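**Student:** coords please:
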Amino acid sequence: MSGAFAAGEADFTTAFEPTASQLEKDGAGYVVASIGKDSGKIPYTAYSVTKSYMKDNKETLEKFTRALYKAQIWCKDATDKQIAEAIQPYFEDNTIDELIIVAQKYREIGAWCENPYFEKESLDNLMDVMESAGELDKRVDYDKIVDMSVVDEVMENK
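**Tutor:** Take a look at the predicted model:
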């Protein structure tokens, strides 16, 4: 999306960091709002498995959830510079200073979750956005599609 925007094929776009800041740095556009800040809690990243996978692979899911939670705690406690240094290998085109700014921006808007819970409020908010965009025909009940049993187990035994 950002490439098409920079090429003049669109009047606006959405972009995660560091892409948004890079567009601004390149003179291709301006960051005018933070959707992450203005939209409230939305589950941009969620992990899904089938019921059978969940039943047959509980230990794997617990290990994955423990690792995710450990990373969330690390992000909460780490400095912006530590985060920048940790992610820099995945953003080779960005300097540490640019990635420090990214970490600061994400921290300022509360973009990083502090635990692996998938809250009903965030699902409702996502469905509101999807409905307003005309992309959701029917809302679903949180309890029918979200199972927090693995998260509950991990959080109880942390």
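**Student:** which of the three states applies to Val151?
**Tutor:** helix (DSSP: H, G, I helix; E, B strand; the rest coil).
**Student:** pretty sure it is touching Leu68, no?
**Tutor:** No. Checked against CB atoms under 8 Å, the pair Val151 and Leu68 is beyond contact range at 9.3 Å. For the C-beta atoms, the positions are set from N, CA and C on the backbone; glycine is no exception.
**Student:** tell me the contacts of Asn57?
**Tutor:** Asn57 makes contact with Val49 under the criterion CB atoms under 8 Å, 6 or more residues apart in numbering.
**Student:** I meant Ala6, not that one.
**Tutor:** Contacts of Ala6 by CB under 8 Å, 6+ apart are 23, 26, 28-29.
**Student:** tell me the one of those residues nearest Glu156?
**Tutor:** Closest approach to Glu156 among those (CB to CB): Leu23, at 43.6 Å.
**Student:** excluding its backbone neighbours, what's nearest that closest one?
**Tutor:** Gly29 (4.6 Å; CB to CB, 6 or more residues apart in numbering).
**Student:** and Glu131, by the same measure?
**Tutor:** Nearest to Glu131 is Arg139, by CB to CB, 6+ apart, at 7.5 Å.
**Student:** helices and strands of this structure: which one bottoms out on pLDDT?
**Tutor:** Using mean pLDDT, DSSP states H and E, helix 35-38 stands out as the lowest-scoring helix or strand of the chain, at a mean of 78.
**Student:** what is whichever helix in the chain runs longest packed up against?
**Tutor:** Using DSSP state H to define each element, the chain has its longest helix at helix 58-77. For helix 58-77, the packing partners by 3 or more CB pairs under 8 Å, 6 or more residues apart in numbering; DSSP states H and E come out as helix 149-156.
**Student:** and the helix it packs on, how far from the chain's centre?
**Tutor:** 20 Å (CA atoms, centre = their mean, to the nearest Å).
**Student:** and it, average pLDDT?
**Tutor:** For helix 149-156, mean pLDDT is 94.
**Student:** for the closest residue to Phe12 other than its chain neighbours, give me its contacts.
**Tutor:** Sequence neighbours aside, Phe5 is the residue nearest to Phe12 in space, at 7.3 Å (criterion: CB to CB, 6+ apart). Counting by CB under 8 Å, 6+ apart, Phe5 touches 12-13, 15, 23, 28-29.
**Student:** quickly note the distance from Phe5 to Lys81.
**Tutor:** Phe5 sits 30 Å away from Lys81, going by CB to CB, to the nearest Å.
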